[in-house]
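Enquirer: Have a look at this prediction, sequence included:
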Amino acid sequence: MKTLQEINFKNLRALIRVDFNVPLNEKHEISDTTRIDAALPSIKKILKDGGSVVLMSHLGRPKLEFQSVKLGAEDKYSLRHLLPYLKKVLNQEVFFADDCVSEEAFSTSKSLQKGEVLLLENLRFYPEETQGDEDFAQLLAQHGHIYVNDAFGTAHRAHASTTIVAHSFAESDKCFGFLMAAEIENANKVLRSTDKPVTAILGGAKVSDKIKIIENLLDVADNIIIGGGMAYTFFKAQGGQIGNSLVEEDKTQLALEILEKAKSKNVKILLPADSLVADAFSNDANTKIALNTDIENGWMGLDIGPLAQKEFASCIMASKIILWNGPMGVFEMSKFQQGTKAIADAVAAATSNGAFSLVGGGDSVAAVNLFGYNEKVSYVSTGGGAMLEYFEGKTLPGIAAIEEI
Ligand code: AMP
């Protein structure tokens, strides 16, 4: 994998696709700087080499048209709001181009001196960005001698700045940034591991969202732990009484096929033996413990129960490689957090015993952060949807464009 570590950027201008899609409050202040912070090592390496940097990113999903009427660029989506923080963390001036492909933007980027930084306005103010437009991508390419992709979070999109732009650069003039390389390397530690046992923990609401991941992991994992709302479809499929728990009736056949496939591939599927059931989808509901084969009508499983926690934890503790995606219950409500917390505990303990653990994809990352476990696992992925697609076994266009595969 070619990373920016192999390139000396002295007197070169790097065009970096970063993921600066940070949340802003009503005062346009950044409420979580994680994504900017994650891009700093790549920026700093280039500046230290004596190169200059042109940063490009999207921010939010600006509406460009409403009922065929063209709308202007809305200020709340402007990357200008990021300038004070960027200047502070880089400890230097950062120039800004208020249109990413204007004459002025090009003249500013071309006159950058070594050590200087230019931030371009939101790429998605142009519909051509998400359309993956060739001409727009060629214009963007004029901003740099070298293209660096450090935006793993958008690597699953064939947008102009994430994929198409790479075609304008020779193989020697494009590479992955540090963040992107770390995401790929850590995901591959799971997908291409020779250490065993490999355990995947999958949770969340729906089986339908996780089918492709489960199928791909059947060729990778020794154990697949299934928790959260999606587990009840498996119990229903096997004739269990699941009361009012979440179920996807049209996926019961698929659930049975997955169990069969797992058996034939010698992969152990662990389903939760019991649940904390509630008489309403509410933190004030009455609760009790029930076996998942026998949940009464009027009750729904909203977290895994103590038997499941114990069994899952002992499987996790015996694992060398752990992938975790999706919570074990409705962890947003304090009454139903215990199962997810118990799994976080087990993953943290296994990690401190030498296992490699990766937490990736949306809500499990939120859960790990909520419980303060982000320092206790080996790697927390920043790329929600992109990481999920990578684990589904897909070739991500943003990666392929750099590797030219
Ligand atoms: P996902 O985005 O597929 O990872 O799903 C995450 C969501 O699943 C979270 O909002 C959880 O509240 C929800 N969830 C987890 N377990 C359950 C459950 N037993 N019943 C209903 N929703 C659940």
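Expert: That came through, no problem.
Enquirer: Next one: the residue in the stretch 201-350 of the chain that the ligand sits nearest to relative to residue 44, how far apart?
Expert: Residue of the stretch 201-350 of the chain nearest the ligand, by C-beta to the nearest ligand atom: residue 204 (2.6 Å). C-beta here means a position set from N, CA and C on the backbone, and glycine is covered the same way. Distance from residue 204 to residue 44, counting by C-beta to C-beta, to the nearest Å: 36 Å.
Enquirer: Then residue 179?
Expert: 12 Å.
Enquirer: tell me which element residue 148 falls in.
Expert: Residue 148 is part of strand 146-149, with elements assigned from DSSP states H and E.
Enquirer: Give the rounded mean pLDDT of that strand.
Expert: Strand 146-149 carries an average pLDDT of 98.
Enquirer: Could you pull out the buried residues of it?
Expert: 146-149 (16 or more other C-beta atoms under 10 Å).
Enquirer: Stretch 9-22 too?
Expert: Within stretch 9-22, judged by 16+ other C-beta under 10 Å, the buried ones are 9, 12-22.
Enquirer: Including distance to the ligand, could the buried residues of strand 146-149 go into CSV?
Expert: Shown next, in CSV, are the buried residues of strand 146-149 (distance: C-beta to the nearest ligand atom, whole Å):
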residue, distance to the ligand
146, 37
147, 32
148, 31
149, 26
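Enquirer: What's the local residue count around the closest residue to residue 210 other than its chain neighbours?
Expert: Spatial nearest neighbour of residue 210, chain neighbours left out: residue 202 (5.4 Å); criterion: C-beta to C-beta, 6 or more residues apart in numbering. Residue 202: 27 surrounding residues under other C-beta atoms under 10 Å.
Enquirer: who's residue 202 bridged to?
Expert: Residues in a beta bridge with residue 202, per DSSP bridges, are residue 226, residue 325.
Enquirer: thinking again about what came up before, kindly state the pLDDT recorded for the residue of the stretch 201-350 of the chain closest to the ligand?
Expert: Looking at residue 204, its pLDDT is 90.
Enquirer: before we move on, what about the one 4 residues further on?
Expert: At residue 208 the predicted local distance difference test score is 90.
Enquirer: And for residue 385?
Expert: 87.
Enquirer: Any idea which residue of the stretch 1-150 of the chain lies closest to the ligand?
Expert: Closest point on the stretch 1-150 of the chain to the ligand, by C-beta to the nearest ligand atom, is residue 23, at 17.9 Å.
Enquirer: Surely that residue touches residue 32?
Expert: Yes. Using C-beta atoms under 8 Å, residue 23 is in contact with residue 32, at 5.4 Å.
Enquirer: tell me the phi and psi of the one residue in the stretch 51-200 of the chain that gets nearest to the ligand?
Expert: For the stretch 51-200 of the chain, the residue closest to the ligand is residue 200, as judged by C-beta to the nearest ligand atom, at 13.5 Å. When read as degrees, to the nearest 10, the backbone of residue 200 gives phi -110, psi 130.
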